[in-house]
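Asker: this one's structure only:
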């Protein structure tokens, strides 16, 4: 294979792509993208890919310009195109993987969309898929039969807040019982980097007589800095409820470290919220608002994680 | 297999689907479709499909509610879902197949999107694909390795206009040299149904000193009713240029019989055009305007063609 | 397809198989199984399978006669054999699916054995896999690309204990946070069959200063009959710890309803335990001891579930 | 991969193969080919191919020694053999690809032989297929799912005749409407190499009252040198009719540049034809007669194109 | 599936096909076969195959009209064509399977043509392959992954000669050690049908000091009727050598029962040979000479075997 | 690929693996293997495999610790694991391949286990399989579609005994007619290494009146050293019968050179047998007894053959 990787970033993912390219000390490879009046498109590499180690980056979160489906198909067709053009290896870099929450059948005839997405990638001839903090790790590991690499931002978050918190006691909180494994992973990284051994806690809805009767908080938070760990924040309701619960249980401060800041409708309530000390999200999707507006939200770049992944895949 | 076919029509294709269902003397099968705030969706059948002969109808042309990619992925996931749910056979019914014009490499590294679309359908486990008047028949026949059925609306068009034209002499016109095979097919049907043996003609751009120097018309049109045959009309410019050329060559009247009435931006000029006698399109895509507005445009329903196809596939 | 299903039960699964056959009003199909001195074997159907709808039942839990791997390979080879012999459809019936707990990568280079098992079944040409209460539903749904059917014994358990419990208040308990979805499913069935709306609760390990500091119980149990729901019981330690926690929190009685009674080393402590009121398991694996010994353990047969599954797959 | 490519040329393609090898500065790799009395054969490489970049050249045009099917199967089996023997990559080099004209369904139940050929190559494990001027580019691009490279001889033809023609005005002619894209490609190369911007023209059959009523010539030819561009010449009738039509329309001279000189029965009429100035074909198939006989026919070698393709595939 | 099978017999196999059809009480299905001047061809069914159970019969032995490769590719393309046309199931009926003797690697880089043939059939989408007496049963069973059915003519041979031989003592002879399993199978059928328990014998080349030193005969033949069993006779040398050896060892008469009478160059010596009592072959390939010429050779029809196979595959 | 191969040897194959590693001048790569109480296991590499050329060695013969099925599944899962972990190439090294004797259908509905094993290896993504002296070469060559390499120990055996035998005349003996090809191969190596041209002989069961009437010996043995060649020795009965037959026919001494010394129940009779001069087996499986006990049995290491195979596969 050629001595350098070839990195394409598709429409809407170019800022992120440039950050990754810079860390790899290369330029983004050029491609042509034409949108037609009927919503179809055509994209093709403008650089030689034959015999080269090709990476195609696209963050599969819909925005005003392109729906999540537009992005997914654009990526799939581009992967097929570079494979056809003779790439030695094609790797998809996915800061945000779509459809990760439709991961099992809960009703009759339910789709298992996580798997269908895996099958579509494979049909286009992808060799490897790199994704950041997918919603259900087991679903991801089972859905894809090609090679996969799963990235986590925990280390970046820890580095960002540890000085801030100093030696105040901490508690690592999962906003629901299903997320305790993720919180445990964050705790592992915290321990590794700070030497501190914080307790964990989590919240869970309880039902009584058929009604959700409240948010149970499991674990001691009194006078601790609570760090809520989650994979994504959309409308913000779940997060704020968790923040409130932590406060009620005596947490002195509440941090949120949440990989994907989707910030959908209603999420503006997160910015002027007084109970939340800080909210850290990554740049895996393009945020709607400037995170610097209120000083509460910090955007942590994961471009370095993807650059590292490329280096690891190349055996560097 | 169960004694009756199961027919689903996805969001935006339900009017068409109901027309097909009615001709098959069944009701459309019910399904649930939920759109999420982030642009993702989940759809599932609400009726038993296990062991049954299932048809999923979707016309893959973008509209205000859903882009062509939204529709294509919705269809692909739904096919996978009914296959997972145990359908004995899954057939896609496509009044309009997307991406049919990206059918070959004309530049370095060009995509062959027609083939990628075929590979995606196959990855989801489709058994058969039925499509109406695809742009390039050879591309279609080579791209899909599952079973396919190709439908044409020529007979419907002939029946619609033959009384109108009566015994005036006719000439069958292709608006470009690449479409002569399609015009020949239309002529075959015309001959079969009317007994008349009309001449054919076509138009072609000529280049001189590097410039397109005009529209050449090959064939005699003097005092004949010209019938222009094409697969689709988008902006309308090509069609109107053809109409003008026919008129200049002496055609007494000009009909257009064009399968897919995409009617994109600028196509309103077709409706108040005096040189064109009548324009016939099918209901393969939902037209933007009421075709009855000016009396020029006639919408011919192809629901019957799809009902026939279902019957043929079932060996009825 | 022939009018009757053909059901084989491989060595060690024949008692269960006969129960299923009886419910289907057929006899077990005969096959020959020869073990060779070197541990290899050869098995083949002794009845015509060509053109027929074949079911092969094997419970993939190792016993004194055959390791789990012996059973898995025997099943895989037998599936290939009936497929080669021309079966119209081959379905694996798995009261207990092996390797269901190796469902994700938690360390570098970890296997995803759930998926590998799925790939092996598919390589042998299986058409459908039916399994009872797999450990991780999302892993299962994503690992297999052939058709699958997932069965649950909840209804059988409810029917077995509802009269016993009468109108005393109940609480549905998951022994860990990861099992809350399963407990919720049990509760749904409870609601459906009794009309009663019991609260849920769960237990979770908490860590403090790096140590597991105890079992947190979330939910109110005071004077309620606690029903602990889980997929399997092996050594029994987890279950007994859950029983103790329920008792400490005031539960008046404690039932266990656990699908797979693996009863490994040390599990004898479950039988003479006074704190547990009753333990219900299914006959998905052959238990080591007679469940009637102490009166505490009830064996609920799931043969009917598998017979129902066969009927459903046949569209009956 | 080894530092040098390994090139095999199968029986009947060895002269061409040696020309390619010479340009690559290697020797043809040796293989053994044995024909048995019953028409079966066995062929195998006599040189190490394990871990090497292997090219197998065969021109799939039947001759007195071997039918087109004999050649195709010999090639397919040889590809499988070198793959089995551990080649790192196997590329088929096809100066003439067989069955390229059966490219779509025109009648019920028609074969799509172009696709079947693609599927056979893939079944044998080929990595890449290189073909010269296939009949239908869209069919070729869609039929093969492995990598393909499509070569054209236009540049070689232009170089061969441009001095001959000098600065006399030229017109590029397609002998039928379906070949206008090919003629346009030739014109692009002509423009690129000469700076001249010639007009294009084409011929087309017209039908009147059900009869082919004549050859329409579209475009101005008066006093121009007409260059007829086509993919293949078999019996020669089509070509001579085109030559006559050009002459009638006033062309001062008529050249033919036609990639594959199949020269089937009746084609001898091409050699003593006075109306045709010169006919250029490539050595993609072995011509029946010495092209130098009459001075009219020039054989242009495309060995260099294939050597270039090998270099490009190797990233040289 | 339709109530009747659809049977096609390709060019050169139609006499045989008609015999099979007659036994199935159907007519051969019609197809069109066109040979083009360049050796390519196009064939297509002329009857509806959609949803039907289709059988394509072709005996893959080259004759004056078509080489073995011509026949193999004609069959492969036809299989793909009927599959494309929607056949419910496609079965190849092969009275003689080509390339069955290239069944293993004996030298470096040897082809394993038996397997490649299997892969080609599968690539065209065949569902089942039925073949008569293949050279190496293990190779056949391993090469094909689709369903296969292996037929033998032993019963027909026994019925043909048993009255002829009457109660004279018999010995079953394999002409080489590799064929002893086949001779044993013939003996099993002999036992089953006659009740007689004949001994077996075989011949084998021996080498001494590097030379083949003669034909060893193992087994007692004195005053017995020797029945030589083999899969095929080509040049006849091996068979005559076996006949001579049997005579030398005291056999009173010598019969040959040999499935495939290829009768290649030199085989005329078999007809006027006095030492051989009778030679029975089947009509699996079309013999060059009339078998009735000398009265020595009897042609036994295996059409009934193939008709039976069709019935068995249909579950009749 | 990395400059050095990575070699794993699974549980029970580590002694052999270390011998191979030593010859390759590397250390065995480390892996973790955990057996769980229920017979399931988890294994994973502890060294980086991404982008490297990985070899996994396991001899698939059951012993007291693990059945043949345990070993086969452990190997299959480990192959999948290293492939998932990104190995550039995964090769299985199999001193003893299991299930090699179930190589064809001899009865209705028989399994073809050799092929199923091949399909399982391929399903796990193996790139190449290297096996020593498989039972049926044709079955092996046809069963696997991935690359295979077949090794033989003949050269090692010849080197071990040639000095021993000196210039006494030799005869190469196959213990049954089916093994004559193997004996011929051994003879070829003998000729190549000693220049001597020994005769061959073989034994075969004969049947008379339905009974096996004795062991026929074909070939001259008088005063020769008989060398019996076979692939495996299990119970030893066949071997001893062959030894006796050789002695009866006048062999002065009898050697056995048998690749796989399985030494099952009853094989102890081989050690104190006076008629057999020497028995040579390889270390492909772990022998039950110390071969040095009686001086009769010599264990020849084939570790070097596997090290050579690795070097050849790496193009060294």
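Answerer: Cool, the structure landed. All values reported here derive from a predicted model rather than from experimental measurement. Numbering: from 1, shown residues only, chains lettered A, B, ... in the order given.

Asker: near chain C at all, stretch A:111-127?
Answerer: Yes - shown here: stretch A:111-127 in contact with chain C (C-beta under 8 Å from any C-beta of the partner chain) through A:112, A:114-115, A:118-119. C-betas here are computed from N, CA, C, even on glycine.

Asker: just the buried ones from those?
Answerer: A:112, A:114-115, A:118-119 (16 or more other C-beta atoms under 10 Å in any protein chain shown).

Asker: got CSV for these, with distance to chain E too?
Answerer: Listed next are these as CSV, based on distance: C-beta to the nearest C-beta, whole Å:
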residue, distance to chain E
A:112, 27
A:114, 30
A:115, 25
A:118, 25
A:119, 21
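
Asker: can you flag which of those belong to helices?
Answerer: Residues from these lying in helices, with DSSP state H as the criterion: A:114-115, A:118-119.

Asker: which among the residues of stretch A:111-127 next to chain C are in contact with chain B?
Answerer: Contacts with chain B within the residues of stretch A:111-127 next to chain C, counted by C-beta under 8 Å from any C-beta: A:112, A:115, A:119.

Asker: and of those, the nearest to chain D?
Answerer: Taking C-beta to the nearest C-beta as the measure, chain D lies nearest residue A:119 of those, at 15.9 Å.

Asker: just list the residues touching that closest one, thanks.
Answerer: If you count contacts by C-beta atoms under 8 Å, 6 or more residues apart in numbering or on different chains, residue A:119 has them with B:80, B:123-124, C:145.

Asker: equivalent analysis for residue A:227, please.
Answerer: Applying C-beta under 8 Å, 6+ apart, the residues near residue A:227 are A:161, A:170-173, A:186, A:255-257.

Asker: what's the closest of the ones in helices among the buried ones among the residues of stretch A:111-127 next to chain C to chain F?
Answerer: residue A:118 (13.4 Å).

Asker: relative to residue A:94, how far out is that closest one?
Answerer: Look at residue A:118 and residue A:94: by C-beta to C-beta, to the nearest Å, they are 12 Å apart.

Asker: picking that back up, okay, the contacts of residue A:119 in JSON lines with pLDDT next?
Answerer: Below are these laid out as JSON lines (pLDDT from 0 to 100):
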{"residue": "B:80", "pLDDT": "98"}
{"residue": "B:123", "pLDDT": "98"}
{"residue": "B:124", "pLDDT": "98"}
{"residue": "C:145", "pLDDT": "97"}
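
Asker: so which of these wins on neighbours?
Answerer: Compared across the contacts of residue A:119, residue B:80 has the highest neighbour count, 24 neighbours, by other C-beta atoms under 10 Å in any protein chain shown.

Asker: secondary structure class for that one?
Answerer: Classification of residue B:80 by DSSP: H, G, I helix; E, B strand; the rest coil places it in helix.

Asker: double-check it against residue A:109; I have them as touching.
Answerer: No - taking contacts as C-beta atoms under 8 Å, residue B:80 lies outside contact range of residue A:109: 11.5 Å.

Asker: residue A:234: how many residues sit nearby?
Answerer: Neighbour count for residue A:234, taken as other C-beta under 10 Å: 18.

Asker: you'd agree it is up against residue A:264?
Answerer: Yes - assessed by C-beta under 8 Å, residue A:234 is found in contact with residue A:264 at 4.5 Å.

Asker: now the common contact residues for the two.
Answerer: Common neighbours of residue A:234 and residue A:264 (C-beta under 8 Å, 6+ apart) are B:37-38.

Asker: what segments of chain A are strands?
Answerer: A:6-9, A:31-35, A:41-45, A:53-57, A:89-94, A:128-132, A:147-151, A:170-174, A:200-208, A:211-218, A:225-233, A:253-261, A:278-282, A:297-300 (DSSP state E).

Asker: check whether stretch A:144-159 contacts chain B.
Answerer: No - legend: contact between stretch A:144-159 and chain B by C-beta under 8 Å from any C-beta is lacking; minimum distance shown is 11.9 Å.

Asker: quick one: residue A:87 and residue A:47 touch, right?
Answerer: No - using C-beta under 8 Å, residue A:87 is not in contact with residue A:47; the gap is 11.0 Å.

Asker: give the bridge partners for the residue nearest to residue A:248 when sequence neighbours are not counted, please.
Answerer: For residue A:248, ignoring the flanking residues on the chain, the nearest one in space by C-beta to C-beta, 6 or more residues apart in numbering or on different chains is residue A:217 at 7.7 Å. Taking DSSP bridges as the rule, residue A:217 bridges to residue A:203.

Asker: gap between residue A:217 and residue A:202?
Answerer: 8 Å.

Asker: those two: which is more packed in?
Answerer: Using other C-beta under 10 Å, the more surrounded residue of residue A:217 and residue A:202 is residue A:202, with 26 against 22.
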